[in-house]
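Asks: I'll drop the sequence and a predicted model, then ask my questions.
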Amino acid sequence: MSITQTQPWQNLQALATKQADVHMRDAFATDPDRVKRFSQSACGLHIDFSKNTISDDIFAELIALAESADVAQKRTDMFTGSPINHTEQRAVLHTALRNFGTDPIYVNGKDIMPDVQATRAKIKAFTEALHSGEHKGYTGKTITDVVSIGIGGSFLGPKIMSEALLPYHQHKLNVHFVANVDGCHIQDVLAQRDPETTLVLMSSKSFGTQETKQNTLTAKAWFLASGAPQSAIADHFAAISSNVPAAVEFGMSPDRVIGMEDWVGGRYSLWSAIGLPIALAIGYANFEQLLKGAEAMDQHFQTAPLAENLPAILGLLGVWYRNFQDAQSHVLLPYYHYLRGFPAYVQQLDMESNGKRNQHDGTAVDYATGPIIFGSEGTNGQHSFHQLIHQGDTIIPADFILPLNVPNQDNTHHAMLASNCFGQTQALMQGKTFAECRAELPEGLSDVEKDTLAAHKVMPGNKPSNTITFQTLDPFTLGALVALYEHKVFVQGVIWGVNSFDQWGVELGKVLGNQVLDAIETGTMHPAMDSSTQALIEQFRTAQ
Ligand SMILES: O=P(O)(O)OC[C@H]1O[C@](O)(CO)[C@@H](O)[C@@H]1O
């Protein structure tokens, strides 16, 4: 039965019609306890979700919807290693990577936890060998810089979490991240490096990604062009991949390749060896805290009743806006400079997971699924796209994320940051009426001028937002925050009946891209190529 046939879904459709006449402003005015009922805390995170266009009835129906979609059972299936990524016949066990318990977790009858612990030990050993200077370059110098090459999940997690935890950097190594195949980036990064004190870390789950392989080949050529012997590759190149044979065939020394499992999705892989660059930046002890924060969120997700369950609440609110309020997108607004990359991280996590249109049995969905995710750091966004969020004709649910304290805090700056964060949520909720706008206009204007200007200044309000606060963004809290969004996405995928763990849609562009590359190199167009693509290739070839 499609989710749209369930009673909760039908009830929510009816409630949505009723809710259209309710403005949050009035809801707050008549219900002083609203914030108490619509706030929850766990794992050091506090979520105020009272500024949402929901009532108690709507919230109850959303919980019922999750029960009718059997979120609890699907959650257990994931945590216990069932092959829920059915189109790739794989388990989904990024949660095992941050499990510090002693219970076994079986995949195809094999307890995976000893391997998980062994990989953590390798991450620890590799980090300590570089931090202590034990691991030296071929000329005997200490490694000072790591160039981490990867893309997508093999780049966004490591880079953005390292950036977010800058106050926890150990300053033993400088870690540089390269993703794009645009040669400018790798050239710029290598131009500043000394081959004798640089280690290149190649991260690719599949070991089949063009950009990562080409960037690593360029780094290898740079290294050897410096006069380094081939034998030195083992000291200066390492890899992380689930395809260890391919890494070795590519020229990596076997003892410099750390494996990862195929039951870890790329966009869920920062907890695996793919997270090594994070450990290199913040130290293994802090990396373990990152894992422990996510473990705490896993335990909360597995045990908290749905109505008190942070990931379920965020997931269901997203479903309310996507399926009952015609929202197309969701904006993430971290009011913390170090978290400025978080929207980009969640973009891959959410859009590559739920940007799907088929249910498990293959039938096409007849309802909306994954939203467009975007965002930027606060207060910067206020001076660019918030105008549309406030006065545009579309609902854009927003997550405001704020640490209550920051390292080396300047109280004046931080109070201003917080005031803008909370003020934005209030303005979105409250809006400004025509009468309020008109009353403020200067006397000298005519009635027509006042009416016209006031109309332009009206802020409809009733715009939804969640506010996520926490004491400070330490590694534990960041781990919990990331796992919160992972499980939010999971809950939505279950409600929409899609497979959140494959990404078939990325393949065609790669195949056609290779055909275009062949045509660029040889001048021979692929027979099925359209005239536009052929013309673009011709233009490019002529310009070389
Ligand atoms: O780690 P890999 O296999 O190089 O893949 C990189 C990224 O490319 C994708 O497959 C998309 O093309 C992502 O899912 C993945 O995170």
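Replies: Thanks, I have the structure now.
Asks: for the residue in the stretch 351-500 of the chain that the ligand sits nearest to, give me the pLDDT.
Replies: Nearest residue of the stretch 351-500 of the chain to the ligand: residue 352, at 5.8 Å (C-beta to the nearest ligand atom). Using the backbone N, CA and C atoms, a C-beta is placed for each residue, glycine as well. Model confidence at residue 352, given as pLDDT, is 98.
Asks: roughly how far does it sit from residue 506?
Replies: For residue 352, the distance to residue 506 equals 8 Å [C-beta to C-beta, to the nearest Å].
Asks: need the per-residue pLDDT for the most centrally placed residue in the chain.
Replies: For the chain, residue 346 is the residue whose C-alpha lies nearest the centre (C-alpha atoms, centre = their mean; 2.2 Å). Looking at residue 346, its pLDDT stands at 98.
Asks: which strand or helix spans it?
Replies: Using DSSP states H and E, residue 346 sits within helix 342-354.
Asks: report all helices and strands that that helix contacts.
Replies: Contacts defined by 3 or more C-beta pairs under 8 Å, 6 or more residues apart in numbering; DSSP states H and E place helix 342-354 against helix 156-164, strand 329-334, strand 372-375, helix 475-496.
Asks: any chance of CSV for these, columns distance to residue 515, mean neighbour count and mean pLDDT?
Replies: Output for these, formatted as CSV (distance: least, C-beta to C-beta, whole Å; neighbours: other C-beta atoms under 10 Å; pLDDT from 0 to 100):
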stretch, distance to residue 515, mean neighbour count, mean pLDDT
helix 156-164, 27, 25, 98
strand 329-334, 33, 24, 98
strand 372-375, 29, 19, 98
helix 475-496, 32, 25, 98
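Asks: now render the ones you listed as CSV, adding distance to the ligand.
Replies: Output for the helices and strands packed on helix 342-354, formatted as CSV (distance: least, C-beta to the nearest ligand atom, whole Å):
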stretch, distance to the ligand
helix 156-164, 8
strand 329-334, 19
strand 372-375, 15
helix 475-496, 14
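Asks: mind checking which of the ones you listed is nearest residue 10?
Replies: helix 475-496 (14.5 Å; C-beta to C-beta).
Asks: now do the helix or strand where residue 429 lies, average pLDDT.
Replies: Using DSSP H and E, residue 429 falls within helix 411-430. The predicted model gives helix 411-430 an average pLDDT of 98.
Asks: same thing with stretch 62-71?
Replies: On average, stretch 62-71 scores 98.
Asks: got the buried residues for that stretch?
Replies: Of the residues in stretch 62-71, 62, 63, 64, 65, 66, 68, 69, 71 count as buried by neighbour count, 16 or more other C-beta atoms under 10 Å.
Asks: determine how far it lies from the middle of the whole chain.
Replies: 24 Å (C-alpha atoms, centre = their mean, to the nearest Å).
Asks: again, but for stretch 180-198
Replies: On C-alpha atoms, centre = their mean, the centre of stretch 180-198 falls 26 Å from that of its chain.
Asks: give me the contact list for that stretch.
Replies: With C-beta atoms under 8 Å, 6 or more residues apart in numbering as the test, stretch 180-198 has contacts from 137-139, 141-147, 149, 151, 176, 178-179, 210-211, 214-215, 218-219, 222-223, 226, 228, 236.
Asks: of those, grab the buried ones for ChimeraX.
Replies: Provided next is the ChimeraX selection string for whichever of the contacts of stretch 180-198 are buried by 16+ other C-beta under 10 Å:
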select :137,138,142,143,144,145,146,147,149,151,176,178,179,211,215,218,219,222,223,228,236
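Asks: of the contacts of stretch 180-198, list those near the ligand.
Replies: By C-beta under 6 Å from any ligand atom, the members of the contacts of stretch 180-198 lying near the ligand are residue 151.
Asks: among the contacts of stretch 180-198, which are in strands?
Replies: Within the contacts of stretch 180-198, residues falling in strands by DSSP state E are 145, 146, 147, 149, 176, 178.
Asks: which parts of the chain sit against the ligand?
Replies: Counting by C-beta under 6 Å from any ligand atom, the residues of the chain close to the ligand are 151-154, 204-206, 209, 212, 266-267, 352, 503, 506.
Asks: now distance to residue 444 too, for these, in JSON lines please.
Replies: As requested, those are exported to JSON lines (distance: C-beta to C-beta, whole Å):
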{"residue": "151", "distance to residue 444": "59"}
{"residue": "152", "distance to residue 444": "58"}
{"residue": "153", "distance to residue 444": "59"}
{"residue": "154", "distance to residue 444": "62"}
{"residue": "204", "distance to residue 444": "67"}
{"residue": "205", "distance to residue 444": "66"}
{"residue": "206", "distance to residue 444": "68"}
{"residue": "209", "distance to residue 444": "64"}
{"residue": "212", "distance to residue 444": "64"}
{"residue": "266", "distance to residue 444": "62"}
{"residue": "267", "distance to residue 444": "58"}
{"residue": "352", "distance to residue 444": "56"}
{"residue": "503", "distance to residue 444": "60"}
{"residue": "506", "distance to residue 444": "59"}
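Asks: can you list the buried residues of stretch 62-71 in JSON lines and add secondary structure?
Replies: Formatted as JSON lines, those follow (DSSP: H, G, I helix; E, B strand; the rest coil):
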{"residue": "62", "secondary structure": "helix"}
{"residue": "63", "secondary structure": "helix"}
{"residue": "64", "secondary structure": "helix"}
{"residue": "65", "secondary structure": "helix"}
{"residue": "66", "secondary structure": "helix"}
{"residue": "68", "secondary structure": "helix"}
{"residue": "69", "secondary structure": "coil"}
{"residue": "71", "secondary structure": "helix"}
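Asks: ok, of those residues, which one's closest to residue 458?
Replies: Closest approach between the buried residues of stretch 62-71 and residue 458, by C-beta to C-beta: residue 62, at 30.2 Å.
Asks: follow-up on the earlier one: now render the ones in strands among the contacts of stretch 180-198 as TSV, adding pLDDT.
Replies: Listed next are the ones in strands among the contacts of stretch 180-198 as TSV, based on pLDDT from 0 to 100:
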residue	pLDDT
145	98
146	98
147	98
149	98
176	98
178	98
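Asks: show me which of those is closest to the ligand.
Replies: For the ones in strands among the contacts of stretch 180-198, the closest approach to the ligand (C-beta to the nearest ligand atom) belongs to residue 149, at 9.7 Å.
Asks: who's in contact with that closest one?
Replies: Counted by C-beta under 8 Å, 6+ apart, residue 149 has contacts 178, 179, 186, 200, 201, 202, 203, 212, 215, 216, 219.
Asks: would the fifth one count as being in a strand?
Replies: Think residue 201. Yes. Counting by three-state DSSP, residue 201 is part of a strand.
Asks: state the distance from the residue of the stretch 351-500 of the chain closest to the ligand to residue 189.
Replies: For residue 352 relative to residue 189 (C-beta to C-beta), the value is 26 Å.
Asks: how about the strands in this structure?
Replies: Counting by DSSP E, the strands of the chain are 39-42, 45-48, 106-107, 110-111, 145-149, 174-178, 198-203, 237-241, 257-259, 329-334, 372-375, 398-403, 465-470.
Asks: which residues does residue 201 contact?
Replies: 146, 147, 148, 149, 238, 239, 240, 276, 277.
Asks: who's it bridged to?
Replies: Counting by DSSP bridges, residue 201 forms beta bridges with residue 148, residue 238.
Asks: quick check: it vs residue 191, distance?
Replies: In this view, residue 201 and residue 191 are 18 Å apart by C-beta to C-beta.
Asks: now do residue 232
Replies: As judged by C-beta to C-beta, residue 232 and residue 191 stand 20 Å apart.
Asks: between these two, who's got more neighbours?
Replies: Comparing residue 232 with residue 191 by other C-beta atoms under 10 Å, the one with more neighbours is residue 232, at 18 against 8.
Asks: can you give me the neighbour number for the residue lying closest to residue 262 once chain neighbours are set aside?
Replies: Closest residue to residue 262 apart from its sequence neighbours, by C-beta to C-beta, 6 or more residues apart in numbering: residue 242 at 5.2 Å. Applying other C-beta under 10 Å, we find 21 residues neighbouring residue 242.
Asks: please name the nearest non-neighbouring residue to residue 524.
Replies: Distances taken as C-beta to C-beta, 6+ apart place residue 518 nearest to residue 524, at 7.4 Å, with adjacent residues excluded.
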